[in-house]
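Q: Show me the folded form of this:
(chains A, B, C and D)
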There are 2 protein chains.
Amino acid sequence: MALDEIDKKILRLLQEDAHYTLKDIANKINLSLTPVHDRVKRLEKDGIIEKYVTLLDKKKLGNNLTVYCQVTLTKQTYDTSEGFNQSILNLPEVVECNYVSGNFDYMLKIIIPDMESYHHFHQKKLSILPEVSLINTVFVISEVKSTTVLPI
Amino acid sequence: MALDEIDKKILRLLQEDAHYTLKDIANKINLSLTPVHDRVKRLEKDGIIEKYVTLLDKKKLGNNLTVYCQVTLTKQTYDTSEGFNQSILNLPEVVECNYVSGNFDYMLKIIIPDMESYHHFHQKKLSILPEVSLINTVFVISEVKSTTVLPI
DNA sequence: CTCAAAACAGAATATTTTTCTGTAAAAATA
DNA sequence: TATTTTTACAGAAAAATATTCTGTTTTGAG
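A: Numbers count the residues shown, from 1 in each chain, chains lettered A, B, ... in the order given. Next comes the predicted model:
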């Protein structure tokens, strides 16, 4: 499962654009179609390549507000955590949720149309959860960087 | 540029899997190839579809540590912000950077191999920036949710 | 109503992916 | 060292997919 330099070049290209054709990639790294095809299939099979997705413009879809929620739970028990996790998975506005160290328990990232939607989300969907004790909201004023590209 | 229900269905499918074929999509929404093709092209042209990317398994690539950095700048001026922004764009470990409201100025998300790498990043790449005054690190203990899918 | 534009279906074409065949290099085994 | 096996690759054929073309139906504006 060790990656050689050719694998890495393929991964770098595919991270940028999942619609590069095998021929595109083959040309860029000076190989024929066969090894490129075989390597991509292997990377998929090994799970290095997780999936191919389409990224949409959140603002053009009307989502003009991004916020981080720092959530503290009522208790630190396993059941409390699991209950909270399950609820979060069903909330489509929550695009990231991580259990973290520090002065609070969870860091969430929320993408939502506007402040009114956030008010509703906060009051009717998040603070309403029985496991939630405290929510501290950090509003995003301006996005500087957002990438799915991992350094390879 | 208004999206009808068919556009939304297409976008929902493509967000899930950028490798669905036009036929796949056409079948799922009971249309022929032509309208699906035309609509996808239009959504690309209008920028609703931003790009197609490949998501990789960060752990299999050796990135076992995720952290949030809460950064405070030395000054709140435009030049200071811009200088910091530019520096961040050149740091591949930083996958998210947002200017935020609250007790600190920026929220960063860092994906990195391990604690030693983070130590190096913190000391040699981040705290070294002339605009940076304070860094508070929040370590991710466990990832609950991480998606590129926006609610439509 | 009438006309123009938009949305769609089906077929033809072009491109891409996948499979197949074979060769050369590298690694493993005797 | 010689032999075998495996791996990586090239090129071509086949299959699948995307793109283009032609024409019909529907929709909306005047």
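Q: what comes up buried for whichever strand or helix holds A:Val36?
A: Using DSSP states H and E, A:Val36 sits within helix A:33-45. Within helix A:33-45, the residues that count as buried by 16 or more other Cβ atoms under 10 Å in any protein chain shown are A:36, A:39-40, A:43. C-beta: built from backbone N, CA, C; applies to glycine.
Q: Mind putting these into TSV with pLDDT?
A: Shown next, in TSV, are the buried residues of helix A:33-45 (pLDDT from 0 to 100):
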residue	pLDDT
A:Val36	98
A:Arg39	97
A:Val40	98
A:Leu43	97
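Q: Name the nearest of the residues you listed relative to chain B.
A: A:Leu43 (8.6 Å; Cβ to the nearest Cβ).
Q: Next, count neighbours for A:Gln70.
A: A:Gln70 has 21 neighbours, counted by other Cβ atoms under 10 Å in any protein chain shown.
Q: Following the chain onward from the helix or strand where it lies, which element is next?
A: Using DSSP H and E, A:Gln70 falls within strand A:65-73. The helix or strand immediately downstream of strand A:65-73 is helix A:78-89, counting by DSSP H and E.
Q: residues making contact with the helix or strand following that following helix?
A: Downstream of helix A:78-89, the next assigned helix or strand under DSSP H and E is strand A:94-100. With contact meaning Cβ atoms under 8 Å, 6 or more residues apart in numbering or on different chains, strand A:94-100 is reached by A:81, A:85, A:88, A:105-111, B:66, B:68, B:138-150.
Q: Please repeat the previous calculation with a cut-off of 7 Å.
A: Residues outside strand A:94-100 that contact it (Cβ atoms under 7 Å, 6 or more residues apart in numbering or on different chains): A:81, A:88, A:105-111, B:66, B:138-147.
Q: Would you mind naming what in chain A lies close to DNA strand D?
A: By the rule Cβ under 7 Å from any atom of the strand, the part of chain A lying against DNA strand D is A:6, A:30-35, A:38-39.
Q: can you do 10 Å?
A: A:2, A:4-7, A:19, A:21-22, A:26, A:29-39, A:42 (Cβ under 10 Å from any atom of the strand).
Q: restrict those residues to those near DNA strand C?
A: A:19, A:21-22, A:26, A:32-38.
Q: Reformat those as JSON lines; add distance to B:Asp57.
A: Below are these laid out as JSON lines (distance: Cβ to Cβ, whole Å):
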{"residue": "A:His19", "distance to B:Asp57": "21"}
{"residue": "A:Thr21", "distance to B:Asp57": "23"}
{"residue": "A:Leu22", "distance to B:Asp57": "21"}
{"residue": "A:Ala26", "distance to B:Asp57": "24"}
{"residue": "A:Ser32", "distance to B:Asp57": "27"}
{"residue": "A:Leu33", "distance to B:Asp57": "25"}
{"residue": "A:Thr34", "distance to B:Asp57": "25"}
{"residue": "A:Pro35", "distance to B:Asp57": "22"}
{"residue": "A:Val36", "distance to B:Asp57": "20"}
{"residue": "A:His37", "distance to B:Asp57": "20"}
{"residue": "A:Asp38", "distance to B:Asp57": "19"}
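Q: Can you list the strands that the strand holding A:Gln70 pairs with?
A: For strand A:65-73, the pairing partners within the sheet under DSSP bridges are strand A:106-112 (antiparallel), strand A:132-146 (antiparallel).
Q: now those in JSON lines, with distance to DNA strand C, mean neighbour count and mean pLDDT?
A: Formatted as JSON lines, these follow (distance: least, Cβ to the nearest atom of the strand, whole Å; neighbours: other Cβ atoms under 10 Å in any protein chain shown; pLDDT from 0 to 100):
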{"stretch": "strand A:106-112", "distance to DNA strand C": "28", "mean neighbour count": "23", "mean pLDDT": "98"}
{"stretch": "strand A:132-146", "distance to DNA strand C": "26", "mean neighbour count": "16", "mean pLDDT": "98"}
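Q: how near is A:Val97 to A:Lys8?
A: Rather than Val, residue A:97 is Cys. 30 Å (Cβ to Cβ, to the nearest Å).
Q: out of those two, which sits in the busier spot?
A: Each of A:Cys97 and A:Lys8 has its neighbours counted (other Cβ under 10 Å); A:Cys97 has more, 25 against 12.
Q: Who does that one form a beta bridge with?
A: Beta-bridge pairing of A:Cys97 under DSSP bridges involves A:Leu108, B:Lys145.
Q: Domain-wise, how is chain A divided?
A: A:5-45, A:65-139 (automatic domain parsing).
Q: Spit out the contact partners of the residue of chain A most remote from its centre.
A: Centroid-distance maximum for chain A: A:Ser32 at 33.5 Å, with Cα atoms, centre = their mean. Counting by Cβ under 7 Å, 6+ apart, A:Ser32 makes contact with A:Ala26.
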